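Chemist: Just a sequence and a predicted model for now, questions to come.
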Amino acid sequence: MEVTGKNPCGVKPFYWKKGIPLKETSRPPLIPNKEETADGMNITWDVPVTMRDGVKVYVDVFRPEGVTDKLPIIFTFSPYGKHGPKTFDIFPGADVPKGWISKYTVWESVDPVVWTKKGYAVINGDSRGSWGSEGDLEIFSQQESRDGHDVIEWAGTLPWSNGKVGMIGVSYLSIVQWGIAAQNPPHLAAFVPWEGFTDFYRDYTHHGGIPETKFLHFTQWSCRAGVNLVEDLIENNKAHPLLDDYHRSKCVSDLAKITAPAYVVADWGDHGMHTRGTLNGFVGISSKDKWLEVHGQKKWRYFFEPESVKRQEAFFTKFLKGQKSEVDLWPRVRLEIRDRAWKAEFRPEQEWPLARTQYTRKYLDLNEGTLVDQNPSAISEVAYNSTVTDDCLRFQHRFSKETELTGNMRLRL
């Protein structure tokens, strides 16, 4: 059943669907505050947290077993389901070894077993309207950002908390961080947006105004479970093809409001969704302490690689535990300069974009399907259907000498 309603930002029409009931999913039954001790952790499942408007969202809390010291907290938030999945098999080629994550690992987030051993508590939340959390599920919304703020403030004032909360996660779990950080919750000590985006329209649904026709369906599928209504992302984007208040109601409204320390990670290979917005996020925030890392490897494997986890720990050691770490020696920017698959080198830099970049203008030659140095004198025309999946135009360019392409490119039509 589809219904048309009014979203919290006042945009109309706004399309919703009935959420998939929990009994029709693989999620365990909701038993608030169920406790157990397992795998070196004290675990409390389905803890209700009340938002400022009275709506309850549910979180799972993992603490190191037997530890009585006050703990820093790592927090994640998404509608993907804090209960799973526990494997990357749904994406063949993800190449994350099964031994790298435990059964407690939320999709695209840290492993609680690993991080509780490092002296942290981990709190994973189901965002408003998803799974057992109350309310309606609105994807990438400002409401989601406010709720994230409220959960952080609840977590930062728990009796066993040291008052410092950090965020981390990939993709959706990264995207939501930008909006929450812009709320400036007092107990947010640092955040690690690992391959997300900051502009719903330009980074995801309409690159250069061109409709996205493929991955939106996965987002719709993965954000469909809830007790009430869930946003119909497909219909809303059909109804709002231009940049308007609907799209502005998503993600972060003002990057400059963000002041929390940030370790920002982007991927050259995710340019269809994550690269542009992550780089713009790093440039746009006002954080005095911020670092950028860009790699060209497999996204999930890179997140869980031991060396990546070591850098994540160094960042949180400094800002969540207040201890010295190798972060003090990091270059401001760390780039992987990639030649081809598995052949690359990391290079330290001091700024982004690179100040020494030489921008070169090229022109489209429609007849040859190439990029050329001079603007063709003849007018030509070519077309494709932007609403058809995988229909596109291609232009090729062969370089006459070895060239490094590191930075932004722009196409003007």
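Modeler: Looks like it came in fine.
Chemist: Enumerate every residue touching Pro185.
Modeler: Gly148, His149, Asp150, Ile152, Glu153, Gly156, Val165 (CB atoms under 8 Å, 6 or more residues apart in numbering). Glycine gets a C-beta too; all of them are placed from N, C-alpha and C.
Chemist: so can I have TSV of these showing neighbour count, secondary structure and pLDDT?
Modeler: Formatted as TSV, those follow (neighbours: other CB atoms under 10 Å; DSSP: H, G, I helix; E, B strand; the rest coil; pLDDT from 0 to 100):
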residue	neighbour count	secondary structure	pLDDT
Gly148	27	helix	98
His149	22	helix	98
Asp150	20	helix	98
Ile152	27	helix	98
Glu153	17	helix	98
Gly156	20	helix	98
Val165	28	strand	98
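Chemist: Let me know the closest of these to Asn385.
Modeler: Nearest to Asn385 among the contacts of Pro185: Gly148, at 38.5 Å, using CB to CB.
Chemist: so that closest one makes contact with Val59?
Modeler: No - look at Gly148 against Val59 with CB atoms under 8 Å: they stay out of range, at 11.2 Å.
Chemist: Where do the helices of this structure begin and end?
Modeler: For the chain, applying DSSP state H gives helices covering 112-117, 142-156, 172-182, 215-222, 233-239, 245-248, 275-284, 299-304, 306-319.
Chemist: can you list these in a markdown table and add distance to Gly209?
Modeler: As requested, the helices of the chain are exported to a markdown table (distance: least, CB to CB, whole Å):
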| stretch | distance to Gly209 |
| --- | --- |
| helix 112-117 | 41 |
| helix 142-156 | 23 |
| helix 172-182 | 21 |
| helix 215-222 | 15 |
| helix 233-239 | 12 |
| helix 245-248 | 11 |
| helix 275-284 | 14 |
| helix 299-304 | 26 |
| helix 306-319 | 35 |
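Chemist: Point out the most buried one among the ones you listed.
Modeler: Each of the helices of the chain was scored by mean neighbour count; the highest is helix 172-182, a mean of 27, by mean count of other CB atoms under 10 Å.
Chemist: For the residue nearest the centre of the chain, which non-adjacent residue is closest in space?
Modeler: The centre of the chain sits closest to Ser174, judged by CA atoms, centre = their mean, with a distance of 2.3 Å. Excluding the flanking residues, the one nearest Ser174 by CB to CB, 6 or more residues apart in numbering is Gly196, at 3.0 Å.
Chemist: outside of stretch 228-239, which residues touch it?
Modeler: Taking CB under 8 Å, 6+ apart as the rule, stretch 228-239 contacts 2-3, 5, 13-19, 129-130, 134-139, 205, 211-212, 216-217, 219-220, 223-224, 246.
Chemist: got it, and stretch 27-47?
Modeler: Residues from elsewhere that reach stretch 27-47, judged by CB under 8 Å, 6+ apart: 22, 48, 58-66, 81, 83-84, 102, 104, 112-113, 116-117, 131-132, 225.
Chemist: One more: stretch 346-364?
Modeler: Here stretch 346-364 has contacts from 279, 282-283, 292, 331-337, 371-376, 395, 397, 406-408, using CB under 8 Å, 6+ apart.
Chemist: pLDDT below threshold where in this structure?
Modeler: Applying pLDDT under 70 to the chain flags the ranges 1-13.
Chemist: Tell me where the stretch 251-400 of the chain has strands.
Modeler: Here the stretch 251-400 of the chain has its strands, by DSSP state E, counting those that start in this stretch, at 262-267, 290-295, 333-340, 343-349, 363-365, 370-372.
Chemist: gap between the residue nearest to Thr370 when sequence neighbours are not counted and Ile379?
Modeler: Leaving aside its chain neighbours, Thr370 sits nearest to Gln396 (5.6 Å; criterion: CB to CB, 6+ apart). Distance, Gln396 to Ile379, using CB to CB, to the nearest Å: 21 Å.
Chemist: Wait, the residue nearest to Thr370 touches Leu371, no?
Modeler: Yes - counting by CB under 8 Å, Leu371 is a contact partner of Gln396 at 7.4 Å.
Chemist: Those two: who's more crowded?
Modeler: For Gln396 and Leu371, the more surrounded residue by other CB atoms under 10 Å is Leu371, and the numbers stand at 15 against 8.
Chemist: Give the full set of residues in contact with the more buried one.
Modeler: The contact partners of Leu371, taken as CB under 8 Å, 6+ apart, are Lys362, Tyr363, Leu364, Asp365, Phe395, Gln396, His397.
Chemist: gap between the residue lying closest to the fourth one once chain neighbours are set aside and Gln358?
Modeler: By that I understand Asp365. In this structure, Asp365 finds its nearest non-sequential neighbour in Val372, 4.8 Å apart by CB to CB, 6+ apart. Using CB to CB, we find Val372 at a distance of 18 Å from Gln358.
Chemist: What of Val106?
Modeler: 43 Å.
Chemist: Which of the two has more residues huddled nearby?
Modeler: More crowded of Val106 and Gln358, by other CB under 10 Å: Val106, with 26 against 7.
Chemist: Name the nearest residue to that one, sequence neighbours excluded.
Modeler: Using CB to CB, 6+ apart, the closest residue to Val106 is Asn124 (4.8 Å).
Chemist: Neighbours of that neighbour, how many?
Modeler: When neighbours are defined as other CB under 10 Å, Asn124 has 27 of them.
Chemist: Tabulate the contacts of Leu371 (JSON lines), appending distance to Leu413.
Modeler: Shown next, in JSON lines, are those (distance: CB to CB, whole Å):
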{"residue": "Lys362", "distance to Leu413": "13"}
{"residue": "Tyr363", "distance to Leu413": "11"}
{"residue": "Leu364", "distance to Leu413": "8"}
{"residue": "Asp365", "distance to Leu413": "14"}
{"residue": "Phe395", "distance to Leu413": "12"}
{"residue": "Gln396", "distance to Leu413": "18"}
{"residue": "His397", "distance to Leu413": "17"}
